[in-house]
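In: The following block contains a protein sequence and its predicted model.
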Amino acid sequence: MLYSSLALAHVSVGCIALLTYWTAALAKKGGQLHLRAGRIYLLAMLGIIVTGLPLTIFRALKGEVIFPVFLGYLLIITGTACWTAWTAIKAKRNRAAFADRRFRAIAWLNVLAGAGVLWLGVSINNGIILVAFSFVGIVGGISSLLFARSLKADPRWWLRQHTGAMIGNGIATHIAFLSIGLPRLSPTGNSDLIQNVAWLAPLVAASIAYVWIKMKYLRAASPLHERVG
């Protein structure tokens with residue numbers, strides 16, 4: 001009963017997250033709608049993390065290993081993305097306060113968690129999803145550590161951090177939606193192919209989107225997002 005209630009709450013806040021993610025994404029950047037939708041989205045993601053943790057523990061107590069480990073890892077990288085997206089805006093005029101000891105500790109946590117998932121993925125059959133997602137934590141954590149050590153002057157560092165984190169959040173949001181909804185829409189049901197598409201397609205799409213956003217907005221001297229926060 002408790003598990004079912006948590007699962008229902010998890011799905012419900014997931015629907016709110018999906019709606020507000022696209023509301024913020026399509027709204028004028030820095031406008032009131034963007035800001036309000038973004039805040040609601042991050043609160044919804046917090047709800048996903050809060051409800052996802054006991055769901056992970058329940059599955060682990062049942063004797064499962066792979067799913068709880070992977071779900072716990074997803075909670076780590078998703079929580080990191082939410083925290084980064086929020087603090088990058090709040091500390092955009094104080095890079096040192098943003099890249100503090102907590103920032104570096106979280107970065108190391110992502111690297112180590114990603115390395116553990118990578119090891120698990122190569123140790124089992126059909127571990128392509130685990131292997132692919134392990135690099136999110138590894139690459140993201142290493143990038144954060146390099147950012148913390150960099151002395152390069154970049155007045156829009158906060159925009160890069162915020163944008164990258166929100167794209168990461170988008171991956172988590174759409175994976176959750178597709179992994180639940182897509183199998184129900186497919187005549188083949190919950191097949192390995194459908195699951196791989198549901199998990200990997202958002203990762204590929206987000207990577208392409210980030211490259212496009214970086215080339216269009218983050219490289220040139222553009223006033224985009226200067227009003228955010």
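Out: Sure thing, it's come through.
In: List the buried residues of stretch 41-53.
Out: Across stretch 41-53, burial judged by 16 or more other CB atoms under 10 Å covers 41, 42, 44, 45, 46, 47, 48, 49, 51, 52. Just so you know, the C-beta spots here come from the backbone N, C-alpha and C atoms, and that holds for glycine as well.
In: Could you do stretch 58-72 as well?
Out: Buried residues in stretch 58-72 (16+ other CB under 10 Å): 59, 68, 69, 70, 71, 72.
In: I'd like the residues you listed as CSV, with pLDDT appended.
Out: Output for the buried residues of stretch 58-72, formatted as CSV (pLDDT from 0 to 100):
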residue, pLDDT
59, 87
68, 91
69, 92
70, 89
71, 89
72, 92
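In: Could you list the low-confidence segments of this structure?
Out: For the chain, the stretches flagged by pLDDT under 70 are 179-199, 210, 212-229.
In: That one: helices as residue ranges?
Out: For the chain, applying DSSP state H gives helices covering 2-26, 32-61, 66-90, 95-98, 101-123, 128-149, 157-185, 192-213.
In: Now do the fifth one against helix 128-149, angle only.
Out: So the one you mean is helix 101-123. Per axes from the mean of the first three to the mean of the last three CA atoms, to 10 degrees, the angle that helix 101-123 makes with helix 128-149 is 150 degrees.
In: now do the second one
Out: The directions of helix 32-61 and helix 128-149 differ by 120 degrees, with the same axes, to 10 degrees as the criterion.
In: do the same with the third one
Out: In this structure, helix 66-90 runs at an angle of 30 degrees to helix 128-149, with the same axes, to 10 degrees as the basis.
In: Helix 66-90 to helix 157-185, inter-axis angle?
Out: 140 degrees.
In: helices or strands up against helix 66-90?
Out: In terms of contacts (3 or more CB pairs under 8 Å, 6 or more residues apart in numbering; DSSP states H and E), helix 66-90 is packed against helix 32-61, helix 101-123, helix 128-149, helix 157-185.
In: The longest one: how far from the chain's middle?
Out: I take that to be helix 32-61. A distance of 11 Å separates the C-alpha centroid of helix 32-61 from that of its chain, computed with CA atoms, centre = their mean, to the nearest Å.
In: Please apply the same query to stretch 96-109.
Out: With CA atoms, centre = their mean as the basis, the mean position of stretch 96-109 lies at 17 Å from the chain mean.
In: In it, which residues are buried?
Out: Under 16+ other CB under 10 Å, the buried positions of stretch 96-109 are 98, 99, 103, 104, 106, 107, 109.
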